[in-house]
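K.L.:
Kindly generate the corresponding structure for this input.
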Amino acid sequence: MAKYVVALDQGTTSTRCMIFNHGGEIVAHHQIEHEQLYPQAGWVEHDAMEIWKRTKDVIHAAMEKGGLVAADIAAVGITNQRETTLVWDRKTGQPYGNAIVWQDTRTDKICHQLAENGGQDRFRAKTGLPLATYFSGPKLKWMLDNVPGLRAAAERGDALFGNMDTWIIWKLTGGPGPQAAHVTDVTNASRTLLMNLETLDWDDEILQELGIERSLLPEIRPSSDPDFYGMTRADGPFGGEIPVCGDLGDQQAATVGQTCFEVGEAKNTYGTGCFLLLNTGHEIVQSQHGLVTTLCYQFGKEKPVYALEGSIAITGALVQWLRDRMRLINTAADVENLAKMVDDNGGMYFVPAFSGLFAPYWRSEARGLVIGMTRFITRGHFARAALEATAYQTREVVDAMAADSGVTLKSLKVDGGMTANELLMQIQADVLGVPVIRPRVSESTALGAAYAAGLAVGYWKNTGDLKKNWGIDKTWQPSEDETLRTKNYRMWKKAVTRTFDWLE
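P.N.:
Below is the predicted model:
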C-alpha cells in the first residue's frame, strides 16, 4: 500500500518536492532556485524549460533522500505561483518565449485601454478581480499581440496556455503526447481575469473582448479530483504511474494547509509576496475596500468555497532584492540579525512598490520609495524598515478585510518561508495588536497541495482528518508599546501616498 503523498511546489523563486506522511509530517524534501530574468524595467520572466528541469531534479532528489519508489506514493498534488503566464506548442512542447511572471507590469497600457469602457472594475462582478497587470488574461493578450506567429498558432489550435500548474501537469502526464492533460483547477482559473466565478467556466464575453481563443485554454477541474487529471508516466521523473489529482494556487493551497475550512477563518502567507485569505464559504463576497474575490478551493463534486484575498506584491522579494541587487546581505536569513542591530527604523520607511501597489490600492503607476532618511541611518535601519514594510502592508489588508467582512481579527495564522524570521513575526504582532500563530508545519503551501491530492484518492478521508494534523509551533503576543501600530503605521500610510502617480 502506498505510504506517502507528494507535493510539487512551483514557486516564484524556486521549485521543491515535499513528501508527506499521513500525519502531515515532512518525510523528505528538496528545493532548487531558478533564475529571475529582467529583460527591461518592469518586465519579469522565467524560463519554463529551466523550471521543468528543476522540477525533475527536485523529484529525483526528494525520492532518493526518502529511499522511495513510485509504488510508495499514493498521489501527486501541484501548487504554483499564480498568474505567471506561459504559452507553448502542443506538438513540440516548446514555449513561445519565456513565461511572464505575475510581478511583470508590461500590460499596464492594455489594462488602461480596457478600463476606458467601464473602469478598473469592468469585469469585477464576473471575475471578482480589478483590471490589473497582476492577472494572467492581459498577459496572454500581450503575448498574442506581440509574439511573432503566436496568434496564427492559436487560431490553428497548436498553442496551449497555462499558469505554471498547467505546464507542470501537462509535462508530468506525458506532454507532448496524446495522453498529456491540459487542465487547471478553479483556484488558478480564478486568477486569470477570464473565469466566471458563478459558472466556473471561461467567460465568452471577456474572451471576445481580449481577443483570446477558447482553444488555448485548459479544462477547469476541481482542486481535488477523484477522476484524476492524469497519471505520471513510467518514463517520467517518478519512474512509475501515480495519480496527479490535486491542484491549488499557492495561496489557496496554504489556506487548505492551515485547515481554514470554516467561514471566517483566515491565514497569511509570507513568501515572495504576502497573501491574506479569508474563507467566505459558498458565498461570493464582492469587496468594497480593495480586496479581490477568489476561489478558495473545490473538493470533488462539492460546492466551491470562495474567499476574500488581500494580495501584496513585494515582501520576501524585498529581502531578496537587498541580497541580490544591493548586496546588503549575503543570505536572506541575514536580514534578521542586521535588523536586530537597531532598536527601531530610525524614522525611515520603505514602500516596495516595485510592481506598483496591489491590495488595497491597485495603483500600477506607483513605484518604490525610501523616505525619512538622515545621516543617522545605517544598514541596520534599512533591514528593519524592510521587515516593517511587510508588517505594515499586512495591516492595511487586515483593515480592509475587517471593513469588508465585519469580522474583527482575533489572531493571525501565518506560514511561509519568512515566518522563520522571529523578529518579523514579533513586529507583525505589534503592528496588528493581536497574537501571531505559526503552525508546526510552516510550509503550509506544499501541505495543502498534498492534502488536495490525498483527499482525491482517500489517503485522508475528510477535512476532519486534516484538522487533526494542525498544531501550534509558536505564538507571538503583541507588545504593550503601541508605537508601531499607531504613530509608525500612520507614518507608513503617509509614505505610501508619496508613491502615487509616479509613472505618467
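K.L.:
Quick check, Glu422 in contact with Glu336.
P.N.:
Yes. Judged on CB atoms under 8 Å, Glu422 makes contact with Glu336 at a distance of 7.1 Å. C-betas here are computed from N, CA, C, even on glycine.
K.L.:
With neighbour numbers in mind, choose between these two.
P.N.:
Using other CB atoms under 10 Å as the criterion, Glu422 and Glu336 rank with Glu336 on top: 19 against 13.
K.L.:
what about the more buried one, which SS state?
P.N.:
helix (DSSP: H, G, I helix; E, B strand; the rest coil).
K.L.:
next structured bit after the longest helix along the chain?
P.N.:
Looking across the chain with DSSP state H, the single longest helix is helix 379-405. Once the chain leaves helix 379-405, the next helix or strand it forms, by DSSP states H and E, is strand 412-415.
K.L.:
wait, what's in contact with Pro226?
P.N.:
By CB atoms under 8 Å, 6 or more residues apart in numbering, Pro226 lies in contact with 245, 300, 456-457.
K.L.:
Please disregard the earlier target; I meant Ser444.
P.N.:
Residues near Ser444 by CB under 8 Å, 6+ apart: 253-254, 256-258, 267, 269, 415-416.
K.L.:
Most widely separated two among these?
P.N.:
Largest separation among the contacts of Ser444 by CB to CB: Val256 and Gly416, giving 14.2 Å.
K.L.:
quick one, which of the two is more surrounded?
P.N.:
The neighbour comparison of Val256 against Gly416 (other CB under 10 Å) goes to Val256, with 32 against 26.
K.L.:
Touching the helix or strand that contains the more buried one from outside, list them.
P.N.:
Using DSSP H and E, Val256 sits in helix 250-257. With contact meaning CB under 8 Å, 6+ apart, helix 250-257 is reached by 9, 11, 79-82, 187, 223, 248, 267, 269, 271, 275, 277, 279, 294-297, 307, 309, 311, 415-416, 441, 443-449, 451-452, 466.
K.L.:
if we can go back for a sec, quick one: list the elements packing against the longest helix of the chain.
P.N.:
strand 266-270, strand 274-281, strand 305-312, helix 316-324, helix 334-339, strand 349-351, helix 422-432, helix 489-497 (3 or more CB pairs under 8 Å, 6 or more residues apart in numbering; DSSP states H and E).
K.L.:
Which one, of the ones you listed, ends up nearest to Asp72?
P.N.:
Proximity to Asp72 (CB to CB) singles out strand 266-270 among the helices and strands packed on helix 379-405, at 28.9 Å.
K.L.:
May I have the strands that pair with the closest one, each with its orientation?
P.N.:
Sheet partners assigned to strand 266-270 using DSSP bridges are listed as strand 274-281 (antiparallel), strand 412-415 (parallel).
K.L.:
can you give me the mean pLDDT across the shortest one?
P.N.:
Meaning strand 412-415. Across strand 412-415, pLDDT averages out at 89.
K.L.:
Kindly report the same for the first one.
P.N.:
In this model, strand 274-281 has a mean pLDDT of 89.
K.L.:
And that strand, how far out from the chain middle?
P.N.:
Relative to the chain's own centre, strand 274-281 is displaced by 12 Å; criterion: CA atoms, centre = their mean, to the nearest Å.
K.L.:
Tell me what angle the next helix or strand after that strand forms with strand 274-281.
P.N.:
Per DSSP H and E, the first helix or strand lying C-terminal to strand 274-281 is strand 292-297. Orientation check (axes from the mean of the first three to the mean of the last three CA atoms, to 10 degrees): strand 292-297 against strand 274-281 gives 70 degrees.
K.L.:
residues in contact with strand 292-297?
P.N.:
Residues from elsewhere that reach strand 292-297 (CB under 8 Å, 6+ apart): 124, 128-130, 186-187, 189-191, 197, 200, 223-224, 248, 252, 255-256, 277, 279-280, 284-287, 304-311, 359, 452.
K.L.:
Got a quick PyMOL command for the buried subset of these?
P.N.:
In PyMOL, a selection of the buried entries from the contacts of strand 292-297 looks like this (16 or more other CB atoms under 10 Å):
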select buried, resi 124+128+129+130+186+187+189+190+191+197+200+223+224+248+252+255+256+277+279+280+284+285+287+304+305+306+307+308+309+310+311+359+452
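K.L.:
all strands for the stretch 101-250 of the chain, in order.
P.N.:
Using DSSP state E, counting those that start in this stretch, the strands of the stretch 101-250 of the chain run over residues 159-162, 183-185, 195-196, 201-202, 219-221, 230-231, 243-249.
K.L.:
Quick check: buried residues in stretch 368-379?
P.N.:
Buried residues in stretch 368-379 (16+ other CB under 10 Å): 368, 370-372, 377.
K.L.:
how far does stretch 405-413 sit from the chain's center?
P.N.:
Counting by CA atoms, centre = their mean, stretch 405-413 comes out at 21 Å from the chain centroid.
K.L.:
wait, stretch 199-210
P.N.:
Distance of stretch 199-210 from the chain centroid (CA atoms, centre = their mean) equals 23 Å.
K.L.:
Quick one: mean pLDDT over it.
P.N.:
Averaged across stretch 199-210, pLDDT comes to 96.
K.L.:
Contacts for it, please.
P.N.:
Stretch 199-210 has contacts (CB under 8 Å, 6+ apart) with 114, 123, 126-127, 137-138, 140-141, 186, 189, 193-196, 213-214, 217, 220, 295, 298, 304.
K.L.:
what's the answer for stretch 317-335, then?
P.N.:
Stretch 317-335 is contacted by residues 12-13, 103, 272-273, 314, 316, 338, 350, 352, 354, 379, 382-383, 386-387, 389-390, 417-418, 420-421 when judged by CB under 8 Å, 6+ apart.
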